[in-house]
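Enquirer: sharing a model that was predicted from the sequence below.
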Amino acid sequence: MFRPKPRKYYSIWERIKKRGRAVIECDPKIFPRVKKAVIKEKYMDYSFKLINEHDYFYLQISYDREKHRATFVLKETVGIEGVRASD
């Protein structure tokens, strides 16, 4: 039976979905790779896209070079649908 290989950065994306944020320690040399991989996990998560069909989310990503910590925060984008004209 074919079993897909577990993806390395999926657990980080799961933590972001569950808690709204994740803080991890990583070397500055591999931070761009981790950042790209977590963004890809968000892109590949079709169930997340279906559940949040009308809501738009993006990842706010920052890196502290002194502490070697990357912070991923899931933020909701306010689109034109969320803006109402006042009378």
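Expert: Structure received.
Enquirer: tell me which residues of the one helix or strand Ser11 maps to come out buried.
Expert: Counting by DSSP states H and E, the element that carries Ser11 is helix 10-19. Residues 12-13, 16-17 are the ones in helix 10-19 that count as buried (16 or more other C-beta atoms under 10 Å). The C-beta positions use only the backbone N, C-alpha and C, and glycine is treated the same way.
Enquirer: the residue minimising distance to the centre of the chain: what's its closest spatial neighbour, skipping adjacent residues?
Expert: Nearest to the geometric centre of the chain sits Leu59, at 4.7 Å (C-alpha atoms, centre = their mean). Spatial nearest neighbour of Leu59, chain neighbours left out: Phe72 (5.6 Å); criterion: C-beta to C-beta, 6 or more residues apart in numbering.
Enquirer: three-state assignment of the one you found?
Expert: strand (DSSP: H, G, I helix; E, B strand; the rest coil).
Enquirer: how confident was the prediction at it?
Expert: pLDDT for Phe72: 97.
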